[in-house]
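Asker: From the sequence below, what's the structure:
(one chain, ligands or ions: 1)
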Amino acid sequence: MSSLQGEPKGSPSAFKPPYQTIRWRASKFSVLDQRQLPLKKTYMELPDIKTACLAIKTLAVRGAPLIGIVAAFAVAHAARKHATHKKLLQAIDQLSQTRPTAVNLFVCLNHMREIVEQDGSPVQIVRQALDILEIEETRSYAMAAHGQKLIAKEMKVGTYCNTGALAAPGLGTALGILIKAHLSGKKIEVVVPETRPLLQGARLTAWELSQYKIPYRLVTESALAGIVGELDAVFVGADRIAANGDTANKVGTFGLAIFCRQFGVPFYVVAPTSTIDSNLSEGSQIPIEERSPDEVLSFGSCRTAPAKSKVYNPAFDVTPSDFITAIVTEKGIARPPYNWTGEK
Ligand code: MRU
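Answerer: Below is the predicted model of the structure:
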């Protein structure tokens, strides 16, 4: 049953994340401000499209599936505040310019555009956002279930960036598999690279794992060559997967995949089918976001390099599909050669 407030359906209680990433209330829409974690758990209200765009651009909310969900809810929030269809279409255009790499943003906004263009009522537009959230939640739990086939009773695994409930509804993507394994009684130890420059591994993944009391060790990226050989497997997420399986994910993922090949460690990508862009035949066609030099020139608020240094700061890199042992989606475990057509 639809309502202007709506209420996202609950997740299976045993696996429910112990924190809420999105708060959708009768008249307010807010998100957990990930820039403040792990020091503070504060919610940022997104009263209008401008603030929603800022939250996505500045990584207050981040992670491929979550960006799409937040954008969809920003449109729904504007609709329930009686924005005209013309304004909603402008909002969709503004939101689609926030971040270029994660395809989920465009997939979700296209779903919102469809309902707006069909002259959907505010109730129908809100329903569309709630449906998208529910579908992505279901996909997360399905990925976590399929992934259990890749997890032994006891395992030391690696991951990259942040792929938990902070990055995607439900339990997340790659981290969701590890969380479910832990909650089902498997003995999991996770190696967490800090993920320079914005430290999603140190700030967010370490925080999420500690919420579930999952043992982990934080390492710098420079330590990975020396430690990957000790791992049983590596699980990462994705921001966009081309039809041939080439995968864009947080910069540094490709380096990790190279180490995995060198040491014979299975390298798994975990992503819902909404992250597959079958319009692109290969990874070289994926647009890679380049972010502000300031992120590299500083460590937090402390300047660590000469201000005028030239900087190259890509947010993502592309791992060629032949480095990927398998790709886990909500449909199951796919192995090479990958050839996705018509995924949305
Ligand atoms: O720049 P971010 O923090 O949005 O990048 C996120 C990642 O690269 C994640 O690994 C990715 O979205 C995959 S899983 C949700």
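
Asker: ok, P100 - contacts?
Answerer: For P100, the contact set (C-beta atoms under 8 Å, 6 or more residues apart in numbering) comprises 287-289. Where you see a C-beta, it was placed from the backbone N, CA and C, and this is true even at glycine.

Asker: Where does D317 sit: helix, strand or coil?
Answerer: Here D317 is strand, with the state taken from DSSP: H, G, I helix; E, B strand; the rest coil.

Asker: Also R139?
Answerer: Following three-state DSSP, R139 is assigned to helix.

Asker: Residue numbering should commence at 29 henceforth.
Answerer: Sure, I'll start counting at 29 from here, so that last one is R167.

Asker: Could I get the contacting residues of it?
Answerer: By C-beta under 8 Å, 6+ apart, the contact set of R167 is 198, 300-302, 357-358.

Asker: what does L252 give?
Answerer: By C-beta under 8 Å, 6+ apart, L252 lies in contact with 186, 221, 283-284, 287.

Asker: Check those and tell me the two furthest apart.
Answerer: Based on C-beta to C-beta, the longest span within those runs between G186 and G283 and measures 12.0 Å.

Asker: List, one by one, the residues from the stretch 29-178 of the chain near the ligand.
Answerer: Applying C-beta under 6 Å from any ligand atom, we find that the stretch 29-178 of the chain lies next to the ligand at 87, 90-93, 130.

Asker: In the biggest strand by length in the chain, which residues have enough neighbours to count as buried?
Answerer: The longest strand of the chain (DSSP state E) is strand 215-221. Under the neighbour-count criterion of 16 or more other C-beta atoms under 10 Å, strand 215-221 has 216-221 buried.

Asker: tell me the mean pLDDT for it?
Answerer: For strand 215-221, mean pLDDT rounds to 98.

Asker: distance between it and the chain's centre?
Answerer: Offset of strand 215-221 from its chain centre (C-alpha atoms, centre = their mean, to the nearest Å): 19 Å.

Asker: Derive a ChimeraX selection command for the buried subset of the contacts of P128.
Answerer: Buried residues within those, by 16+ other C-beta under 10 Å, are selected in ChimeraX with:
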select :316,317
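
Asker: closest to N367 among the contacts of P128?
Answerer: P315 (21.9 Å).

Asker: correct me, but that closest one touches T129?
Answerer: Yes: taking C-beta atoms under 8 Å as the definition, P315 is a contact partner of T129 at 6.0 Å.

Asker: give me every residue that touches the residue most central in space within the chain.
Answerer: By C-alpha atoms, centre = their mean, the chain has its centre lying nearest to G91, at 2.6 Å. Contact analysis of G91 by C-beta under 8 Å, 6+ apart lists 130, 190-191, 194-196, 200, 265.

Asker: Many thanks, we can stop here.
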